[in-house]
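K.L.:
would you be able to build a 3D model of this:
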Amino acid sequence: MAAYASPNQVTTDIIQQDVPILVMDSMFAYFCFLEQLLVSDLGPHALAVSLPFACVLGLLASMIASTMGNSSFSSYGFAISVSQSYIWPYASFQFALVILFAHVFYSVLGVSPVFSILLSSFTGFGISISMNSLLIEYLRWRARRTLRSVRLNQSQQQNEARNLARVEDGDDTRQQDLENQIQDPNPLQHGQNHS
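P.N.:
Residues are numbered from 1 along each chain as shown. Down below sits the predicted model:
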């Protein structure tokens with residue numbers, strides 16, 4: 001008998017397959033970027049500076065992207081494909097922020113290469129994590145709001161059904177009273193005849 005994997009297990013398996021590719025791609029992308037950024041000023045020493053930073057940044061960026069991309073949407077009942085494909089856009093957004101701030105710190109502000117790489121990585125990672133947290137809070141708020149409106153609609157429908165049942169019961173009681181009065185138009189005379 002074949003065992004079927006749960007959707008969460010399938011998502012975890014696919015993410016675990018994507019992480020090594022993401023690590024290698026991130027390391028290569030950070031190395032190319034840092035080497036091109038630093039080669040004009042450092043010459044051959046740019047390779048010695050960019051290689052260790054690229055390895056550390058690539059590994060750190062991949063770990064952050066896989067963690068944030070995996071935990072963000074899977075707990076909200078979204079489709080598996082959303083949480084699968086969220087890791088790569090998150091990593092790309094994070095990489096773009098690091099590149100942007102590295103250019104700002106190194107080229108515009110003239111900070112030393114090592115400090116510009118450190119500052120840009122802290123800034124890029126921090127902004128991407130903050131944006132992810134804001135997005136998650138927005139999705140939680142929207143889910144709570146939707147759930148609250150659904151519950152409010154359900155309670156209103158239940159109240160309308162109860163009111164309708166009470167009105168129908170009231171009509172039946174009035175109809176029985178009318179039938180009793182028709183059968184016995186004067187209950188006082190009926191009581192005097194018996195005495």
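
K.L.:
following element in sequence after the helix-or-strand element of the chain with minimal mean pLDDT, please.
P.N.:
Every helix and strand in the chain was compared by mean pLDDT, DSSP states H and E; the lowest is helix 80-85, with a mean of 44. Per DSSP states H and E, the first helix or strand lying C-terminal to helix 80-85 is helix 87-103.

K.L.:
show me what whichever helix or strand comes after that following helix is packed up against.
P.N.:
Counting by DSSP H and E, the next helix or strand C-terminal to helix 87-103 is helix 113-183. For helix 113-183, the elements it packs on are helix 7-42, helix 45-73, helix 87-103, judged by 3 or more C-beta pairs under 8 Å, 6 or more residues apart in numbering; DSSP states H and E. Placement of C-beta: from N, CA and C, glycine included.

K.L.:
G126 is nearest to which of the ones you listed?
P.N.:
Minimum separation from G126 across the helices and strands packed on helix 113-183 (C-beta to C-beta) falls at helix 87-103, 9.0 Å.

K.L.:
quick one: buried residues of that closest one?
P.N.:
The neighbour-count check on helix 87-103 (16 or more other C-beta atoms under 10 Å) flags I87, Y90, A91, F93, Q94, F95, L97, V98, I99, F101, A102 as buried.

K.L.:
and the residues you listed as a markdown table, adding pLDDT and distance to L118?
P.N.:
Below are the buried residues of helix 87-103 laid out as a markdown table (pLDDT from 0 to 100; distance: C-beta to C-beta, whole Å):
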| residue | pLDDT | distance to L118 |
| --- | --- | --- |
| I87 | 81 | 25 |
| Y90 | 82 | 21 |
| A91 | 83 | 20 |
| F93 | 87 | 20 |
| Q94 | 87 | 15 |
| F95 | 88 | 16 |
| L97 | 90 | 14 |
| V98 | 88 | 11 |
| I99 | 87 | 15 |
| F101 | 91 | 11 |
| A102 | 86 | 10 |
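
K.L.:
these into TSV, with extra columns for distance to Q158?
P.N.:
Shown next, in TSV, are these (distance: C-beta to C-beta, whole Å):
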residue	distance to Q158
I87	43
Y90	42
A91	48
F93	45
Q94	48
F95	52
L97	50
V98	54
I99	56
F101	55
A102	59
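
K.L.:
can you tell me which of the residues you listed is nearest I129?
P.N.:
Q94 (8.6 Å).

K.L.:
what's near enough to touch the nearest residue to the closest one once chain neighbours are set aside?
P.N.:
Leaving aside its sequence neighbours, Q94 sits nearest to S128 (C-beta to C-beta, 6 or more residues apart in numbering; 4.2 Å). Going by C-beta atoms under 8 Å, 6 or more residues apart in numbering, S128 touches I64, M68, Y90, F93, Q94, L97.
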